[in-house]
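# this one's sequence-less:
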């Protein structure tokens, strides 16, 4: 059907002028809600990962600090020491003498120690820790090897 001016009737274009139906609006709002939930979960996961990475970085820095302190000390004896950094991170350091038959056979005046430093902290859901290990060669006191 055409009107006097040669255009199509308004029956075909009547739907375009009415707007959205209730079903279309509900579907659009549902898609928006689901998308928002997914995006918020992604942001939440990213924030948790960032916080966890920051905690591990601080733990490694503390462990490295304590390991450097032990390695730079002039005297070293076997044993276990522990302490607290004051910011929620705790540390334990253990030094154990190693058997060095090769050093004795070669006549080297050195003793070797295995050093282990563990830094621990309470995470949001469980205790977390970082462990560093090193070996240090020291001169024994006079008369000992």
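All right, it came through fine. This structure is a prediction, so every number in the text was calculated from the model and none was measured.
# show me the strands in this protein, by range?
79-84, 89-98, 111-122, 127-138 (DSSP state E).
# please produce TSV containing these, extended by distance to residue 30 and mean neighbour count.
Every residue, glycine included, has its C-beta placed from N, CA and C. Shown next, in TSV, are the strands of the chain (distance: least, CB to CB, whole Å; neighbours: other CB atoms under 10 Å):
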stretch	distance to residue 30	mean neighbour count
strand 79-84	52	10
strand 89-98	46	17
strand 111-122	41	18
strand 127-138	40	15
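# just put the ones you listed in TSV and tack on distance to residue 49 and mean pLDDT.
Listed next are these as TSV, based on distance: least, CB to CB, whole Å; pLDDT from 0 to 100:
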stretch	distance to residue 49	mean pLDDT
strand 79-84	27	94
strand 89-98	20	93
strand 111-122	17	92
strand 127-138	14	92
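# centre-most residue in this structure?
The residue lying closest to the centre of the chain (CA atoms, centre = their mean) is residue 53, at 2.6 Å.
# all the helices of this protein, in order from the start?
For the chain, the helices defined by DSSP state H cover 10-18, 22-72, 101-106.
# make CSV out of those and add distance to residue 82 and mean pLDDT.
Shown next, in CSV, are these (distance: least, CB to CB, whole Å; pLDDT from 0 to 100):
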stretch, distance to residue 82, mean pLDDT
helix 10-18, 76, 56
helix 22-72, 10, 93
helix 101-106, 29, 59
